[in-house]
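Undergrad: give me a 3D structure for the following:
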Amino acid sequence: MTKRVLTICFEVMIVICIANLGFAALPEVQGCVVETYASEDYNLHLGRMTFAPDGTLYVGKTSYTPTSIWRILPSFPGPCVFESFGDAISGNPYPVLYDVYGRISGVPGCVLIGRGQQTNWYGPFSHLTAILLDGTANQLYPPPEVNFHNIADMCFDNYGALLFIDSGGRGVYKSEYGENPWRLFSVPDFYNNIAVNPSNNNIFLGGRVQQGRGHGMISSWDEENGLQDFDVTSLPCCSDVHLVFGLGGFWGKDLYVLVTGELLKYNLSTGARTVVGTGFDSAWYMDLVLGPDNALYVSDCLGYRVLKITPLTNPISFSQFVSSVVRDLFARAKDGKIQLTWTHNGADYYNVYRSTIPDDQYILIASTDSTYSTYLDVDVVNGVAYYYFVEPVFPGEVSNKASATPTERTRRR
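TA: Numbering: from 1, shown residues only. Okay, here's the model as predicted:
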């Protein structure tokens with residue numbers, strides 16, 4: 001082999017090594033800034049992601065050897081750093097879900113871990129475990145008489161019930177207030193992602209026809225109609241499908257879907273599908289979640305990084321608005337929601353801004369549909385104080401600030 005050939009081979013090896021170290025180009029998303037939120041120069045085995053209300057991000061791992069999960073504490077202005085959290089968990093602990101109220105584990109503020117298979121893809125070896133505040137692991141399910149094959153993803157529905165996919169066992173399970181899970185419905189194919197429509201509690205599933213070989217697909221389920229096809233023909237072949245719903249503001253109430261190469265937006269009212277992001281070319285994205293700062297986050301396993309997608313309508317400070325024509329904004333706290341009311345001032349409609357800091361980091365969360373001077377915010381967590389102001393679109397001035405802290409209702413016996 002000549003020296004020139006050896007040199008070319010060496011240069012190619014360098015390029016391959018750099019690509020494998022995660023120095024990949026950033027995707028592009030319409031109306032957004034895409035940046036690396038946290039990264040390392042070695043294989044992190046990144047899995048699913050889940051946020052605590054304070055912005056702490058927990059990330060599972062794709063590893064069949066006993067391992068802890070990752071924790072990323074919010075850092076401003078950055079950079080954010082991966083740190084290990086919790087006892088070592090065996091069996092591929094990549095699905096994670098933050099249990100704010102302890103509805104499933106009985107301990108508020110723990111991280112639920114959907115342990116994968118311990119020895120193979122289809123053996124009944126999957127478990128649900130809770131990582132408590134002190135980092136200790138506590139196995140919750142299954143009971144001795146039940147086994148799951150592969151817990152692939154988890155979420156809470158709009159009423160606080162736990163939903164998870166057993167992709168190996170081809171079923172979606174449900175658990176309320178810590179009781180043993182039961183099979184809610186069966187699925188015919190390999191689904192590995194789950195999301196709940198915040199508008200009506202319908203369940204959406206993402207997956208692949210014939211595990212690893214077929215095209216991507218999206219299905220929906222509700223109690224009246226059962227499992228139905230939503231988009232089962234137009235998604236890329238062999239692509240994982242990751243789902244998240246917008247909760248207002250820039251993202252609207254649309255369904256966002258990450259597949260190999262693209263970020264898609266589905267308008268559920270019209271059925272229209274739009275490509276809003278390109279350059280998602282990694283072969284192994286593991287999750288797509290919406291953070292408490294209204295940014296989208298992407299788990300890039302092969303890139304050894306977490307990406308952050310922030311709308312260009314960046315958080316603003318209240319002091320940026322120097323005058324106010326809505327002077328009677330009032331916030332009333334309820335269980336899991338906050339009702340805003342004010343006096344109509346002749347504007348065509350109103351933009352609603354929210355923050356967890358009194359005078360800074362306000363983000364547009366919604367626009368009213370008409371001149372009605374009220375808004376119900378259901379994307380809140382009990383025990384957290386929220387601050388609001390509203391902006392009349394005409395004449396273009398903003399209200400006073402208002403604040404409220406939702407609390408869980410105590411049932412009388």
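
Undergrad: distance of the residue nearest the centre of the chain relative to N180?
TA: Residue closest to the average C-alpha location in the chain (C-alpha atoms, centre = their mean): V289, at 2.1 Å. Going from V289 to N180 by C-beta to C-beta, to the nearest Å gives 27 Å. Quick note: C-beta positions are derived from backbone N, CA and C, even for glycine.

Undergrad: can you check S167 too?
TA: Separation of S167 from N180 (C-beta to C-beta) stands at 20 Å.

Undergrad: which one of these two is surrounded by more residues?
TA: Taking neighbours as other C-beta atoms under 10 Å, S167 and N180 compare with S167 leading, 27 against 12.

Undergrad: who's in contact with the more buried one?
TA: Listed by C-beta atoms under 8 Å, 6 or more residues apart in numbering, the contact partners of S167 are 149-150, 152, 190-192, 207, 211.

Undergrad: mind listing which of the residues you listed are in helices?
TA: Per DSSP state H, helices hold no members of the contacts of S167.

Undergrad: now, the most widely separated pair of those residues?
TA: The distance between the two most remote of these (C-beta to C-beta) is 14.6 Å, for H149 and G207.

Undergrad: the more surrounded of these two?
TA: Neighbour totals were compared for H149 and G207, and G207 leads with 26 against 20 (other C-beta under 10 Å).

Undergrad: roughly how far does that one sit from V257?
TA: To V257, G207 is 12 Å away according to C-beta to C-beta.

Undergrad: joint contacts of the two?
TA: Here G207 and V257 share the contacting residues V241, scored by C-beta under 8 Å, 6+ apart.

Undergrad: show me what secondary structure element comes after the host helix or strand of N351.
TA: Assigned by DSSP states H and E, N351 belongs to strand 350-355. Heading C-terminal from strand 350-355, the first helix or strand you meet, by DSSP H and E, is strand 363-367.

Undergrad: what is that following strand packed up against?
TA: Taking 3 or more C-beta pairs under 8 Å, 6 or more residues apart in numbering; DSSP states H and E as contact, the helices and strands that strand 363-367 lies on are strand 350-355, strand 374-377.

Undergrad: what strands line up against it, and which way round?
TA: strand 350-355 (antiparallel) (DSSP bridges).

Undergrad: now the strand it pairs with: mean pLDDT?
TA: Taken as a whole, strand 350-355 has an average pLDDT of 85.

Undergrad: alpha carbons only: can I get that strand in PDB?
TA: What follows is strand 350-355, C-alpha atoms only, in PDB (Å, rounded to 0.1, in the frame of the first residue of the first chain):
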ATOM      1  CA  TYR A 350     -54.500  38.800  24.000                       C
ATOM      2  CA  ASN A 351     -51.100  37.100  24.400                       C
ATOM      3  CA  VAL A 352     -50.500  35.400  27.700                       C
ATOM      4  CA  TYR A 353     -47.000  35.300  29.200                       C
ATOM      5  CA  ARG A 354     -45.800  33.200  32.100                       C
ATOM      6  CA  SER A 355     -42.700  32.800  34.300                       C
END
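
Undergrad: for this structure, which segments are assigned as helices?
TA: Using DSSP H, helices in the chain cover 3-20.

Undergrad: outline the domain layout of it.
TA: Structural domains assigned to the chain are 30-311, 318-404, following automatic domain parsing.

Undergrad: which of those domains has the lowest average pLDDT?
TA: Minimum mean pLDDT among these: domain 318-404, a mean of 79.

Undergrad: which residues does the closest residue to N193 other than its chain neighbours bridge with?
TA: Distance criterion C-beta to C-beta, 6 or more residues apart in numbering; nearest residue to N193, sequence neighbours excluded, is G206 at 3.8 Å. G206 has the following beta-bridge partners by DSSP bridges: N193, I218.

Undergrad: pretty sure G206 contacts Y191?
TA: Yes: the criterion here is C-beta atoms under 8 Å, and G206 meets it with Y191 at 6.7 Å.

Undergrad: can you measure across stretch 301-310, start residue to end residue?
TA: 20 Å (C-alpha to C-alpha, to the nearest Å).

Undergrad: Y173 touches A161, doesn't it?
TA: No: counting by C-beta under 8 Å, Y173 does not reach A161; the two are 10.3 Å apart.

Undergrad: look at those two and report which has more neighbours.
TA: Set side by side, Y173 and A161 show more neighbours around Y173, with 23 against 19, by other C-beta under 10 Å.

Undergrad: quick check: beta-bridge partners of that one?
TA: Under DSSP bridges, the beta-bridge partners of Y173 are F164, R183.

Undergrad: how long is stretch 180-193 end to end?
TA: End-to-end distance for stretch 180-193: 21 Å, by C-alpha to C-alpha.

Undergrad: with stretch 297-306 instead?
TA: One end of stretch 297-306 to the other measures 7 Å (C-alpha to C-alpha).

Undergrad: show residues contacting that stretch.
TA: With contact meaning C-beta under 8 Å, 6+ apart, stretch 297-306 is reached by 20-22, 24, 36-49, 57, 59, 62, 72, 80, 258, 280, 282-291, 307-309.

Undergrad: residues contacting G102?
TA: Counting by C-beta under 8 Å, 6+ apart, G102 makes contact with 108-110.

Undergrad: which one of the residues you listed has the most neighbours?
TA: Within these, neighbour counts (other C-beta under 10 Å) peak at C110, which reaches 25 neighbours.

Undergrad: ok, the closest residue to it other than its chain neighbours - how many residues close by?
TA: Closest residue in space to C110, ignoring its immediate chain neighbours: A130 at 4.6 Å, by C-beta to C-beta, 6+ apart. A130: 22 surrounding residues under other C-beta under 10 Å.

Undergrad: next: R103.
TA: Using other C-beta under 10 Å: R103 sits among 16 other residues.

Undergrad: so who does the nearest residue to it once chain neighbours are set aside touch?
TA: Spatially, and ignoring its direct neighbours in sequence, R103 is nearest to G160 (5.3 Å; C-beta to C-beta, 6+ apart). Contacts for G160 (C-beta under 8 Å, 6+ apart) come out as 101, 103, 176.

Undergrad: out of those residues, who's nearest V381?
TA: Ranked by distance to V381 (C-beta to C-beta), these are led by Y101 at 8.8 Å.
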